[in-house]
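Engineer: Following is a predicted model, sequence given first.
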Amino acid sequence: MRIGSVVVVIWLLIGVIAAAQRDYFSGGEASCAKTGTILVTIVAGPLNYFGLNPKVNCSTPQPSK
């Protein structure tokens, strides 16, 4: 179980590095799509370096007038 935990932590760290290299953590307005893209990139981890470039598109409902 301990080795599995280490592998998961390394996997996620590689995902954070991939997100940082793509400047996903730079300033700007936070949105559903940006947050989703960052999370998916982190979870995809090393797969990012094999051509996976996850993007998330989402929109929130606007309040009625």
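Structural biologist: That came through fine. Owing to the predicted nature of the structure, the values given are computational and were not obtained by experimental measurement. Numbering: from 1, shown residues only.
Engineer: which parts of the longest helix seen in the chain are buried?
Structural biologist: Taking residue count as the measure and DSSP state H as the definition, the longest helix of the chain comes out as helix 2-21. For helix 2-21, the buried set under the neighbour-count rule, 16 or more other CB atoms under 10 Å, comprises 14-15, 18-19. Yep, even glycine has a C-beta here, placed from its N, CA and C like the rest.
Engineer: try stretch 36-46
Structural biologist: Counting neighbours by 16+ other CB under 10 Å, stretch 36-46 gives 37-38, 40-42, 44-45 as buried.
Engineer: quick one: low-confidence parts of this protein?
Structural biologist: Counting by pLDDT under 70, the ranges of the chain that qualify are 65.
Engineer: May I see the buried residues of stretch 36-46 arranged in TSV, with distance to residue 3 and secondary structure as well?
Structural biologist: Compiled in TSV, the buried residues of stretch 36-46 are given as follows (distance: CB to CB, whole Å; DSSP: H, G, I helix; E, B strand; the rest coil):
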residue	distance to residue 3	secondary structure
37	30	helix
38	27	helix
40	25	helix
41	25	helix
42	21	helix
44	21	helix
45	16	helix
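Engineer: closest to residue 25 among those?
Structural biologist: residue 38 (7.4 Å; CB to CB).
Engineer: Can you give me every residue that contacts the residue lying closest to the closest one once chain neighbours are set aside?
Structural biologist: In this structure, residue 38 finds its nearest non-sequential neighbour in residue 24, 4.8 Å apart by CB to CB, 6 or more residues apart in numbering. Contacts for residue 24 (CB atoms under 8 Å, 6 or more residues apart in numbering) come out as 34, 37-38, 41.
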